[in-house]
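Asker: Make a model of this:
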Amino acid sequence: MEQTRRWHDVFWLGTFVIHLVGLGLVLGVLGLNRFKQKNRLDIDKYTYRFMENEAGLTEDYWPLYGVAGGIGTALGWSWLLLLGSRATQMMKVSVHILTTYLAVISVLCFWAEQFFWGVAFAIGATLQFLYVISVIDRLPFTMLVLQKAVKMVWNLPEVMRVAYAFMLVVLLWMALWSFGAAGVVASSIGDGGRWWLLVVLSVSLFWTGAVLCNTVHVIVSGTVVRVTIHGGREAESNPANSLMKSLQYALTTSFGSICYGSLFTAAIRTLRWEVRGIRSKIGNNECLLCCVDFLFHLVETLVRFFNKYAYVQIAVYGKSFNRSARDAWELFQSTGVEAIVAYDCSGAVLLMGTIFGGLITGTCSGVWAWMKWNDRAFMIGLTSMLMGMVLVGIAMVVVESAVTSIYICYAEDPLLIQRWDTEFFNHMSETLHQRLQHRSSRAREVLTHNQLDSRIGELSSI
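Answerer: All right, here's what the predicted structure looks like:
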């Protein structure tokens, strides 16, 4: 574990750095072109064909993004500060109130005659409601896992400081990003052109935010696993520089793997949750079940190569991303732990909290923008929402890192969890036994049903 590490996924490291430098220059140009003076850099001569709106100034819209950054940071820091005392209540609120909040925003969009966004938020509210209904029986176990994860990171104050530091790094990047985004909103290009530019900038922010979140993930999980292996933070065998080693690896040899994984894991994970939720509630509709099963197996194949547990393997062993993801999944499959990993919804609950934080941020900036320029309010509100999600996500990933570390430790050596918390170990073992029994009985049902269908087909053909 402490041997010299090789650099992995260097291509993706280079791609990310080039993207960051190139985009930084573009953002600076976009913002400066309308800072204190319209068309300062004479860029409009290249876009005169697309001019449809009256141009504004960057400083007209930049303060609204400043509000978004401030609110997102306040929500993220509040989450970290309340982690030890109110984390469970905050997560429960996120689960139950998100559907209502999405529905309210949908109604407001229809009232503002923004039918596309009204339908989009209505679909989001419906999917959120259906997902919560489909996993309602799993929430008690999920909340227990999250409570133990909170307990684990709360006893490691140094990892909390890492989250605070990375939130400041994100804020610095967002200052430049929002400067460029404000320049785009202020431009005289038509709505279609501005939306496309903002989509490109948002994809970039999403990747950058995911990279920074997953860097925190690697740092925290590396520290947590090392502390757990050595028997606790106060154990004599525990290395004094666990955090610094994790930080060093995350920012050097493993950074390319983090950049690579950050492109795909979030989207695949979200799709997997939705497919699992739908699959569990289909019943006996064989046609629909066949279609969903095909999609389910496709997603499961992708999960084998892109999953969040790879970051623990990267942190501890310094492997490449694909090998880490494959090894983690094979470890779960071989030990049966995949049964409770699939049953647990902690990642979805934390994502709900992240989305809720982003919605609050976007609503505040969007309402202010609506009072001043209602034609540009949705551009500002939606991009502000993404900023809020990234900032709150930095806080949420601290707990998610502990959750992934718990499952990896349990799969590699269950005694590590038993030594840390015997009662929790017993609960995990009991849940694992129940889930394996459930899968076995379900497999027997499917086999019996198929045999019966085959027998009926043979008799009908006679």
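Asker: so how far does stretch 244-263 reach from one end to the other?
Answerer: This stretch, stretch 244-263, spans 26 Å end to end (CA to CA, to the nearest Å).
Asker: Mind checking the pLDDT average for that stretch?
Answerer: Stretch 244-263 shows a mean pLDDT of 90.
Asker: Would you mark the buried spots in that stretch?
Answerer: For stretch 244-263, the neighbour count (16 or more other CB atoms under 10 Å) marks 245-247, 249-250, 253-263 as buried. Where you see a C-beta, it was placed from the backbone N, CA and C, and this is true even at glycine.
Asker: Now the element after the least confident helix or strand in the chain by mean pLDDT, going C-ward?
Answerer: Using mean pLDDT, DSSP states H and E, helix 44-47 stands out as the lowest-scoring helix or strand of the chain, at a mean of 60. Using DSSP states H and E, the helix or strand that follows helix 44-47 in sequence is helix 58-81.
Asker: For that next one, name the packing helices and strands.
Answerer: In this structure, helix 58-81 packs against helix 10-32, helix 157-186, helix 346-372, helix 377-412, with contacts taken as 3 or more CB pairs under 8 Å, 6 or more residues apart in numbering; DSSP states H and E.
Asker: Could you tell me which residues within it count as buried?
Answerer: Quick answer for helix 58-81 (16+ other CB under 10 Å): 58, 61-62, 64-65, 67-69, 71-77, 79-80.
Asker: and that helix with helix 10-32, angle?
Answerer: Following axes from the mean of the first three to the mean of the last three CA atoms, to 10 degrees, one obtains 130 degrees for the angle between helix 58-81 and helix 10-32.
Asker: now the angle between helix 346-372 and helix 58-81, please.
Answerer: 150 degrees.
Asker: Any buried residues in the helix or strand hosting L205, and which?
Answerer: Using DSSP H and E, L205 sits in helix 191-229. By neighbour count with 16+ other CB under 10 Å, helix 191-229 contains the buried residues 193-194, 197-198, 201-202, 204-229.
Asker: Can you tell me which helices and strands it packs against?
Answerer: Helix 191-229 packs on helix 10-32, helix 139-154, helix 157-186, helix 242-251, helix 255-280, helix 310-317, helix 377-412, helix 414-420, going by 3+ CB pairs under 8 Å, 6+ apart.
Asker: Turn those helices into a markdown table, columns for distance to Q434.
Answerer: Shown next, in a markdown table, are those (distance: least, CB to CB, whole Å):
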| stretch | distance to Q434 |
| --- | --- |
| helix 10-32 | 40 |
| helix 139-154 | 10 |
| helix 157-186 | 32 |
| helix 242-251 | 34 |
| helix 255-280 | 15 |
| helix 310-317 | 25 |
| helix 377-412 | 15 |
| helix 414-420 | 16 |
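Asker: Which of those has the highest mean neighbour count?
Answerer: Here the criterion is mean neighbour count by mean count of other CB atoms under 10 Å, and of the helices and strands packed on helix 191-229 the winner is helix 310-317, at a mean of 27.
Asker: which outside residues touch it?
Answerer: Applying CB atoms under 8 Å, 6 or more residues apart in numbering, the contact partners of helix 310-317 are 1, 214, 217-219, 221-222, 225-226, 246, 249-250, 254, 257-258, 261, 265, 319, 321-325, 327-328, 401, 404-405, 408.
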